[in-house]
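K.L.:
Have a look at this prediction, sequence included:
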Protein chains: 2
Amino acid sequence: MKTLIAEVNISEGTNLDVVNQVKEALLEGGNIELVDLNSDKDHNRSVFTYRGEPEAVLEGTKRLSKKAIELIDMTVHKGSHPRMGAIDVVPFIPVKNVTTEEAIAISKEYGKYLGSLGVPVYFYEDSATREDRKLLPKIRKGQYEALPEKMQDESWRPDEGPFEFNPKSGATVTGARYPLIAFNVNLDTENIEVAKQIVKAVRGASGGFQNVRAIALELPEKKMVQVSMNLTNYSKTPIHRVYETIKTELTRYNVNIADTELVGPVPVYALEEMLKFYIKVNDDFTSEQIYS
Amino acid sequence: MKTLIAEVNISEGTNLDVVNQVKEALLEGGNIELVDLNSDKDHNRSVFTYRGEPEAVLEGTKRLSKKAIELIDMTVHKGSHPRMGAIDVVPFIPVKNVTTEEAIAISKEYGKYLGSLGVPVYFYEDSATREDRKLLPKIRKGQYEALPEKMQDESWRPDEGPFEFNPKSGATVTGARYPLIAFNVNLDTENIEVAKQIVKAVRGASGGFQNVRAIALELPEKKMVQVSMNLTNYSKTPIHRVYETIKTELTRYNVNIADTELVGPVPVYALEEMLKFYIKVNDDFTSEQIYS
């Protein structure tokens, strides 16, 4: 069985009747599992997380989108979270027996559909068509309010949909991205310089691991400092390798790891990798054996 | 949400029409997830593995049992697997937010029900009422064919149901047991003596860990020897502790661990324990965060 996850962010988190109608449209097919639905009033935004076979997820996302575009009007939207569309951002995350290429194909089909409904669509992350469209904040810069001006500028020609401002629906960002793991390592010291040195050592941008984004943080209440990381590809850059590297690098400062934090969802496949490293489980093992 | 697993072994693996009717009776309630159904012709036996809220699992097991008793006739049963009843053995396995005590209570209610249908019932494992009824092989000794004689002997008075031989249905063993983990450690040597020494070191019966059963095996094809283990309580005796102990004990023989095998289902909670040990994940983490 194949599993693809979609994490759809829509610009409505206050009117729960609207959120509910969107949800009903999503679940109409009956072949999708809604994992989480989070509506935030301050953000005035809801995040639908659901999973299923790739085709089922694609169809569900189409149904959801059609309904959301019908009910949400960006000309009156207010909320504290950055946004530029009624359907703001739609990542497709390959989870089980789905390649990144398949997830990209799904995101492209979805983008085409949304474009056909009159919404300008930009592909990001693994689906990006241009280097400067890889990251969401870059594409969303200036938010909804900047769209009329952007739509005058050839460099903002969308990947799908009309090259003109859509006042009611704004614009949408979609694409495939690998599951992200939020992994924080707390150090047994209050010396932020140590955390900064570790960040430098492990972060891709400064010569460390390719798929690690990292920042150094102070945790005054805990009397510690933290290396706060996003691992953007746990297959190529597994958790244990980052952990062991930090442990080793810390020896020169005579500092220990106090503890670590895995924040939010963690794919079971990332744990399989750890079993193989720490207790040498052989290749007969598959994460299908793990149950909860 | 609570999750209890039942693993029902029935004495029919050849006539798939019967197996199917039993399955339909189980799933009638609609609130149970059938995880696995394995029918073996040589064994002439089927194993239903399913999960759900404890009450739903209890009700489903009752429905399944009523149908199985109706359709299966032990007077004509032949198969290579040891068995003593139409419903042979029914372990209830607490998996998520269910205590062993709750699982015991469910098994007792189930035993009472089955007894009321005229089947002698023995409680085993954590539900055992006597020390000599803890283990299945002891209770099942002599199999179905020995039942007429046993039923003449006061020491075989069942825990539920009539104290007389039931030719059509035989007798049933049920009870709560902790999830079992089959964990094999392959050693980089062909010297069986080393494996025997390790078995002695880790096995509960010889002074090792309370919840470890172990034997030493030769693996001539792999040119290795194996410490083959069942961990019967991964909370009290976690995988990593057994692994690290074996690793340490091996140093005196200058032998390394070649690799290890996790065979069959592994509860995700057992992995949580490992995350905490190997990468110091703190207590904010719960296995609810793990998805597949």
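P.N.:
Arrived safely, thanks for sending.

K.L.:
residues in contact with the closest residue to residue A:160 other than its chain neighbours?
P.N.:
The shortest distance from residue A:160 to any non-neighbouring residue, by CB to CB, 6 or more residues apart in numbering or on different chains, is to residue A:115 (3.2 Å). For the C-beta atoms, the positions are set from N, CA and C on the backbone; glycine is no exception. Shown in contact with residue A:115 (CB atoms under 8 Å, 6 or more residues apart in numbering or on different chains): A:121, A:158, A:159, A:160, A:161, A:162.

K.L.:
got the phi/psi numbers for residue A:115?
P.N.:
With angles defined as degrees, to the nearest 10, residue A:115 sits at phi -60, psi -40.

K.L.:
still on that earlier bit, which one (most neighbours) among the contacts of residue A:115?
P.N.:
With neighbours taken as other CB atoms under 10 Å in any protein chain shown, the top of the contacts of residue A:115 is residue A:121, carrying 27 neighbours.

K.L.:
what pairs with that one across the strands?
P.N.:
Residue A:121 has these beta-bridge partners by DSSP bridges: residue A:160, residue A:172.

K.L.:
So which residues on chain A come close to chain B?
P.N.:
Applying CB under 8 Å from any CB of the partner chain, we find that chain A lies next to chain B at A:3, A:35, A:95-96, A:186, A:239-240, A:243, A:257-262, A:264-269, A:271, A:274-275, A:278-282, A:284-285, A:287, A:289-292.

K.L.:
Would you work out how far apart the start and end of stretch A:168-188 are?
P.N.:
Taking CA to CA, to the nearest Å, stretch A:168-188 runs 51 Å from one end to the other.

K.L.:
Can you give me the buried ones in it?
P.N.:
For stretch A:168-188, a neighbour-count test (16 or more other CB atoms under 10 Å in any protein chain shown) marks A:169-181, A:183-187 as buried.

K.L.:
Over to stretch A:31-46?
P.N.:
Residues A:32, A:37, A:39, A:43, A:44, A:45, A:46 are the ones in stretch A:31-46 that count as buried (16+ other CB under 10 Å).

K.L.:
mind listing what residue A:256 touches?
P.N.:
A:187, A:188, A:250.

K.L.:
6 Å - rerun?
P.N.:
With contact taken as CB atoms under 6 Å, 6 or more residues apart in numbering or on different chains, residue A:256 is in contact with residue A:188.

K.L.:
Check it and give its pLDDT.
P.N.:
Looking at residue A:256, its pLDDT is 97.

K.L.:
now it: how far from residue A:245?
P.N.:
Counting by CB to CB, to the nearest Å, the gap from residue A:256 to residue A:245 is 15 Å.

K.L.:
got the contact list for the residue nearest to residue A:127 when sequence neighbours are not counted?
P.N.:
Among residues not flanking residue A:127 along the chain, residue A:175 sits closest, at 3.3 Å (CB to CB, 6+ apart). Residue A:175 sits next to A:107, A:123, A:124, A:125, A:127 when contact means CB under 6 Å, 6+ apart.

K.L.:
quick one on the thing from earlier: could you turn the buried ones of the residues of chain A next to chain B into a PyMOL selection?
P.N.:
Listed next is the PyMOL selection for buried residues among the residues of chain A next to chain B, using 16+ other CB under 10 Å:
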select buried, chain A and resi 3+95+96+186+239+240+243+257+258+259+260+261+262+265+266+267+268+269+271+274+275+278+279+280+281+285+287+290+291+292
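
K.L.:
Keep only those of the residues of chain A next to chain B that are in strands.
P.N.:
Under the assignment DSSP state E, the residues of chain A next to chain B contribute A:3, A:35, A:95-96, A:186, A:257-262, A:266-267, A:290-291 to strands.

K.L.:
farthest pair in those?
P.N.:
The distance between the two most remote of these (CB to CB) is 35.1 Å, for A:3 and A:258.

K.L.:
and the residue nearest to residue A:127, that's in a strand?
P.N.:
Yes - according to DSSP: H, G, I helix; E, B strand; the rest coil, residue A:175 belongs to a strand.

K.L.:
so how far is residue A:124 from it?
P.N.:
4 Å.

K.L.:
same deal with residue A:207?
P.N.:
Distance of residue A:207 to residue A:124, computed by CB to CB: 26 Å.

K.L.:
Comparing the two, which residue is more hemmed in?
P.N.:
residue A:124 (25 against 9).

K.L.:
who are the neighbours in contact with the more buried one?
P.N.:
Per CB under 6 Å, 6+ apart, neighbours of residue A:124: A:133, A:136, A:139, A:173, A:175.
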